[in-house]
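Trainee: Based on what follows, work out the 3D shape:
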Amino acid sequence: MTKSSKRPPAGLPDKDTLVAFLREAGSAEKTDIARHFGLKGGDRRALREMIRELEAEGRLGKRGRKGFSEAGALPPVGVADVIERDGDGELYVRLVEASPDAPRAILMPDKSKAAPGLGDRVLVKFQRGAEGWEARLIKKLDVGTNRVLGVIRKSARETRVEPVDRRSKDVLLVPQAQSGDLRDGDLVLAAIEKGDHRYGPKRGKILEHIGKEDDPRAASLIAIHAHGVPTGFSEAVEREAEDQALPTLKGREDLREVPFITIDPADARDHDDAVYAARDEDSKNEGGWIVWVAIADVAAYVRPGSQLDREARDKGNSTYFPDRVEPMLPEVLSNGLCSLKEGENRACLAVRMVFDKDGRKTGHRFVRGLMRSHAKLSYEQAQAAIDGQTDDTTGPIMDAILNPLWNAYHAMLKGRLKRSPLQIESAERRIRMAPDGGIASIEKRTSLEAHRLIEEMMIQANVCAAETLEQKKTPLIYRVHDAPSQEKIFNLADFLSTIGKPWNKGEPGTTKRFNKLLDETRDTEHADVVNEVVLRSQMQAIYSPENIGHFGLNLDRYAHFTSPIRRYSDLIVHRGLIRALNLGKDGLTDREIAELPAIAEGVTMTERRSMAAERDAMDRYIAAYLEEHVGATFAGRITGVTRFGLFIRLEETGADGLVPVSTLGSEYFTHDDRAHALVGERTGKRFTLGRMVEVKLREATPVTGGLVFEMLSEPEPRDPNAPAPRYGMRGRGGDGPPMRGKNRPGGPKPRNGSKPSGGLKGVRKGKRK
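Mentor: Prediction:
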């Protein structure tokens, strides 16, 4: 707590005095407030009542577990996470111990410091700016910030390490004694040696040789090391996994006659969910359906406090790359005992759900069972069967299994449409690897009804888990997704006004309102950009022991239950159900309940770490694929507009790259953030967000994932409603000739390939929803 400069007189303060104290202190707990004002006995009780009233009035907010602060206020200095990069490339941070309604702050650029990246933890100074809260970087707090992952570059005179991180400026000089065994193009991990680095390059010490930059696996290797994704397992964990016994019926319900099937990607190796549906024979539920979802009983093998459990918690989740998976659990479990393989007995935690003919869930119950999958299908295989193209596997199960599944889904779909979850379309790409480790192709993922069937059944099972734990008053980790902030709604409204789609800034952003907008623009030239802007206006989903609902799914309560092989959050929910329903002795422990806030924060961090690593690997693979096409022209769309250039997404591959502002033409372009456009100061011509353009690929750098384009399309004419341009205007106030290069406002152009976040990632079968 920051000490006040003047000690107040003893006695209960009034509300304004208390708020003023917290404004100056940043935050304080009740005991600190009472001590500061010298309160005892009855005054302390009155203080608690005053705090409750101020919370109800919206003037105070919680800070951490016990602290309080002025609503919407931030401390002078704090530890924050970099949570987001907006469409204009600006970074935003949020205080680590922040309440759900705490404001985010824009991270102000500081050329003297290396910029942090998404997911980094930083120490910052907060202050109120003209347009909201601003944060100024003091230092990065990430472990290992004195390490550089880079590529060896050898010359006749010296050996250097060039960082693979596009944001890093730490080129290291390697001592001659260490450079003998190094070869040009080696991937290495180096440490920055202490010393005076004001003159010349910093000196580095080689810690580890990782591979070669031309290795087909280099993209995922770099991503793994750059983001600190844990790899492999200790010998103790491997032994513990191998010592597990096959499941038996002891303490379980026999579900082996229920004809469950698995439906997964064609290349899936771990199968953690199986489904089955049948008509409800209850005369009171005419036209209704029984839907079963069985999930691998990972809790039976990964017990609280074990070595397996500790390493699973550290990993948090599995991480998926085009050429490999870094699993949360050893392969003997993830692809073996826990995987619901066809024809093999498997332990499961299953939920039997009842839906009426309109898709409303009327009841459910959980059982711990022993099941046996009757068929293993891919999404494409199941979809083809429903479309009339059966094979030797799907033909015999059409009437008994597949048709009832689809009929049950169509009933559930009525309930989903009534609920109106957010209907954003996310165009995912998939990289297909060649046998030699190279890239065979980059393809758009096709969205099938089979995907949506499994997704909806998983969502309903997740809802059942949250409802049951709440009903049994058992603490849990929720999957929560907050509604868009007012700031995001205002930014969306500003953009929509540029394409003639009005959105009242006072209008709340509900899922129905967003879906109405998406439906109105779906078949227009603005469809893609509106989908992208709505996507960027959403908050990120997180894990939390405190429930605020799930905005995107439009659900009051939601928890992840369906993927315990690859998500630690789901394993915690499984243990909670076992405890709540007395299904065994391996349920959630009292110690875990006390640690739920820390566990939730940890799995949120590991999820974002994996997402960042997966995204970086994808960028590098795409850059490697396009390296042979430098000089070729491509159709693309402007997906981001910043003061330093335009971000372009290629239509065919989904690759993202930069057109630097310094290459746009003979005049100086300024950034109009309200119009999401770069505008020529002399002519008023514009490059606007969402526009289709033609670009030429100038640079592709696989080791960093950077792509640089040249704009071939001409800018659009000046907006007739915009103020007339003034020749020679420099920056916002001065007069004189237009400036170019490093002397222009905003400084030099960014390093090649810098790019904004791609926003929320598409979800497969509840993977990250």
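Trainee: rest of the way, CA atoms for contacts and neighbours
Mentor: Noted.
Trainee: Could you pull up the contacting residues of residue 248?
Mentor: Neighbouring residues of residue 248 by Cα atoms under 8 Å, 6 or more residues apart in numbering: 347, 370.
Trainee: ok, now with 10 Å
Mentor: For residue 248, the contact set (Cα atoms under 10 Å, 6 or more residues apart in numbering) comprises 254, 345, 346, 347, 369, 370.
Trainee: for residue 372, same thing?
Mentor: Counted by Cα under 10 Å, 6+ apart, residue 372 has contacts 254-261, 274, 340-348.
Trainee: sec struct for it, please.
Mentor: strand (DSSP: H, G, I helix; E, B strand; the rest coil).
Trainee: Pretty sure residue 608 sits against residue 542.
Mentor: Yes - at 9.5 Å, residue 608 and residue 542 qualify as touching, with contact defined as Cα atoms under 10 Å.
Trainee: which of these two has more neighbours?
Mentor: Neighbours were counted for residue 608 and for residue 542 using other Cα atoms under 10 Å; residue 542 has more, 21 against 17.
Trainee: Tell me what that one is bridged to.
Mentor: With DSSP bridges as the criterion, residue 542 is bridged to residue 480.
Trainee: That one against residue 551, yeah?
Mentor: No - if you go by Cα under 10 Å, residue 542 and residue 551 don't touch, sitting 11.7 Å apart.
Trainee: Partner strands of the helix or strand of the chain with the lowest mean pLDDT, with direction?
Mentor: When the helices and strands of the chain are compared on mean pLDDT, DSSP states H and E, strand 60-63 comes out lowest with a mean of 71. Strand 60-63 has the following sheet partners, assigned by DSSP bridges: strand 67-70 (antiparallel).
Trainee: Show me what secondary structure element comes after the partner strand.
Mentor: Note on strand 67-70: by DSSP states H and E, the next helix or strand toward the C-terminus is strand 77-85.
Trainee: between the next helix or strand after that following strand and strand 77-85, how many degrees?
Mentor: In the C-terminal direction, the helix or strand that comes right after strand 77-85 (DSSP H and E) is strand 91-95. Comparing the axes of strand 91-95 and strand 77-85 via axes from the mean of the first three to the mean of the last three Cα atoms, to 10 degrees yields an angle of 140 degrees.
Trainee: tell me how far strand 91-95 is from the chain's mean position?
Mentor: A distance of 15 Å separates the centroid of the chain from that of strand 91-95, by Cα atoms, centre = their mean, to the nearest Å.
Trainee: Helices of the stretch 451-600 of the chain, start to end?
Mentor: Secondary structure of the stretch 451-600 of the chain (DSSP state H, counting those that start in this stretch): helices at 486-498, 511-521, 527-536, 568-580, 590-594, 596-626.
Trainee: Residue 512 and residue 424 touch, don't they?
Mentor: No - with contact defined as Cα under 10 Å, residue 512 does not reach residue 424; the gap is 11.8 Å.
Trainee: Please enumerate the shared neighbours of the two.
Mentor: By the contact definition Cα under 10 Å, 6+ apart, residue 512 and residue 424 are jointly contacted by residue 518.
Trainee: that older thread, now the least confident helix or strand of the chain, how far from the centre of its chain.
Mentor: Relative to the mean C-alpha coordinate of its chain, strand 60-63 is positioned 26 Å out (Cα atoms, centre = their mean).
Trainee: what's the closest non-adjacent residue to residue 624?
Mentor: Leaving aside its chain neighbours, residue 624 sits nearest to residue 702 (4.7 Å; criterion: Cα to Cα, 6 or more residues apart in numbering).
Trainee: ok, now which ones touch the one you found?
Mentor: Residues in contact with residue 702, defined by Cα under 10 Å, 6+ apart, are 164, 213-214, 218-219, 617, 619-627.
Trainee: Which members of the residues you listed are classed as buried?
Mentor: 164, 213, 218-219, 617, 619-627 (16 or more other Cα atoms under 10 Å).
Trainee: Looking at those residues, which is nearest residue 290?
Mentor: Within the set of these, residue 617 lies nearest residue 290; the separation is 41.8 Å, counting by Cα to Cα.
Trainee: separation between that closest one and residue 546?
Mentor: For residue 617, the distance to residue 546 equals 33 Å [Cα to Cα, to the nearest Å].
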